[in-house]
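Peer 1: pasting the sequence and the predicted model now:
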Amino acid sequence: MSTRHQELSIRTSKKLESVDVSDLVSRVVEESGIAEGVCVLFVPHTTAAITANEHFDPNVARDILKALGRAVPDEEQWDHPEDNAPAHVKATLTGPSLTVPVSGGKLALGQWQGLYFMEYDGPRTRRLSVTIIS
Amino acid sequence: MSTRHQELSIRTSKKLESVDVSDLVSRVVEESGIAEGVCVLFVPHTTAAITANEHFDPNVARDILKALGRAVPDEEQWDHPEDNAPAHVKATLTGPSLTVPVSGGKLALGQWQGLYFMEYDGPRTRRLSVTIIS
Amino acid sequence: MSTRHQELSIRTSKKLESVDVSDLVSRVVEESGIAEGVCVLFVPHTTAAITANEHFDPNVARDILKALGRAVPDEEQWDHPEDNAPAHVKATLTGPSLTVPVSGGKLALGQWQGLYFMEYDGPRTRRLSVTIIS
C-alpha cells in the first residue's frame, strides 16, 4: 500500500472561472509511479469546487457557471454577509471532492473529460489537494 | 492492499433515464472477494453521472430528472452547441464519482438506497468504472 | 494497508438542518491512529447528504438550505408520494459521499471548512458511515 499526497497551487483570475487542471493532476499521478489505484481530489476552500466535464469545448464550463448563476442568483436575500453566499452554495452543489480511478499509471478519465477547478469567488490563490492511493 | 478495477457497460434507452445499477455493482464487489474497504464508482462521460437514492419507489429517480429539468431548462441560452449543454450541467450537479463503503464483503448501502446511473443525453452505450480498494 | 470503519449516530431536530459533524469525524480519524490516507464519509439514507462548507458563520449552512429550497420547491408537482420528493432531490444534488484527505493523523480540511451532515427530511435519527483507508 502506498499513499502519495501533494498540494497544487492554482491562481484564478476572475470572480467566476473554470480552470482546467487535467494536466497538472495527470503529472502528479504519473510522477507518483502508482500504477493502479485511485486519485482523490479535494478542495480545502468553501467557495470553490472540483468537477470533471468536457474539455474539448470550453463553452461547456462557461455554461455550467451560467446555469449555476441562474439557479443560485446573486440578487436573492442571503443571511451570510460578504456578498459571497451564492459562491458557498455553488461549492456545495458542485462538491468539494472527486475520486478518479488510476489505471496503467494514468488517470482513467473518459475521452472528452477534463478536470475543472471551479472558482466561484475569485480571483484568489487556491490550493487543490491530490491524494493517490494504491 | 488490493485494488480491483472493472468496467461495466450500460445501455441506456432514453434521452433522460435513471438506470438502477445496484445489482451490477454488488456483483462486482462480491466477486472481488474484498471484505473491507471502499468501492469507487466513476462515470467516464460528460453527460451522465452517478448517484445513490431511493430504489423502492421508481418515482424518486423520475422526480430527480424532473427537478433537474426545471433547474437547468433546455430552453435557456447556452454557448455550447449540440443542444446538450443542460446534460453537461446536470452531470456536474449530480457528480461523476461516488464512493461507497464495503463491509462484510458487501456494498454498505442503506436499506432504501440503490445506485443510479443517470443518463442525461441518451440513448447511448455507456461505461461505469468500478474500483474496489482494500 | 489498513481500513477502519465506524458508524456514527446523529440525531437531527428539524425538518431541514445542517449538523456540524467536524468534531465527531475528527475524533474517529484521530482515534484510528492512521497518519496518511483518506477518510470516506457516506450517508446511508436517501433524504440526507454530506458536504463541506464554511463553519465560521452558521448562516452559510442556512443559506445552502434556503437556496436548495428555491431550486427544488416543495410546491412543485412530484410523482413520489410522502411529500418528501424535494428531500430526495436535494440529497442527490448535495451528494451522499465525500472523501477528505488525512495527513499527519488529522483530517486535512481547509481553515474555514467544516463537515456538515445535511438533513432534508427530519427530525430523525441518522447514521453517518466513516471509513478511513491508508
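Peer 2: Looks like it arrived, so ask away.
Peer 1: for the residue nearest the centre of chain A, name its beta-bridge partners.
Peer 2: For chain A, the residue sitting closest to the mean C-alpha position, by Cα atoms, centre = their mean, is A:Ile50 at 2.1 Å. Here A:Ile50 sits in beta bridges with A:Phe117, going by DSSP bridges.
Peer 1: tell me, how many residues neighbour the residue nearest to A:Asp57 when sequence neighbours are not counted?
Peer 2: In space, not counting the residues next to it along the chain, A:Asp57 is nearest to B:His80; the distance is 5.6 Å by Cβ to Cβ, 6 or more residues apart in numbering or on different chains. The way it works is simple: take the backbone N, C-alpha and C, and place the C-beta from them, glycine included. Using other Cβ atoms under 10 Å in any protein chain shown, B:His80 has 20 other residues around it.
Peer 1: phi, psi for B:His80 please.
Peer 2: Note on B:His80: its backbone torsions stand at phi -70, psi 130 [degrees, to the nearest 10].
Peer 1: where's A:Glu36 relative to C:Ser97, distance?
Peer 2: Distance of A:Glu36 to C:Ser97, given as Cβ to Cβ, to the nearest Å: 21 Å.
Peer 1: when the two are compared, which one has more neighbours?
Peer 2: Higher neighbour count among A:Glu36 and C:Ser97: C:Ser97, with 26 against 17, using other Cβ under 10 Å.
Peer 1: which residues are in contact with that one?
Peer 2: Counting by Cβ atoms under 8 Å, 6 or more residues apart in numbering or on different chains, C:Ser97 touches B:52, B:98-100, C:40-43, C:50.
Peer 1: verify the contact between A:Met59 and B:Glu82 for me.
Peer 2: Met isn't right for residue A:59; it's Asn. No: with contact defined as Cβ atoms under 8 Å, A:Asn59 does not count as touching B:Glu82 (9.9 Å).
Peer 1: three-state assignment of the residue in chain A that chain C sits nearest to?
Peer 2: Chain C sits closest to A:Pro44 of chain A, with a gap of 3.1 Å, by Cβ to the nearest Cβ. Three-state call for A:Pro44 (DSSP: H, G, I helix; E, B strand; the rest coil): coil.
Peer 1: right, and it touches A:Ser129 too?
Peer 2: Yes: contact criterion Cβ under 8 Å: A:Pro44 and A:Ser129 qualify, at 5.9 Å.
Peer 1: quick one: common contacting residues for those two?
Peer 2: With Cβ under 8 Å, 6+ apart, A:Pro44 and A:Ser129 have common neighbours C:Ala108.
Peer 1: doesn't A:Leu98 lie inside a strand?
Peer 2: Yes: counting by three-state DSSP, A:Leu98 falls inside a strand.
Peer 1: contacts only, for it.
Peer 2: A:40-41, A:50-52, A:115, B:95-97.
Peer 1: and for A:Thr94?
Peer 2: Counting by Cβ under 8 Å, 6+ apart, the residues that A:Thr94 touches are A:49-51, A:68, A:118, B:92-93.
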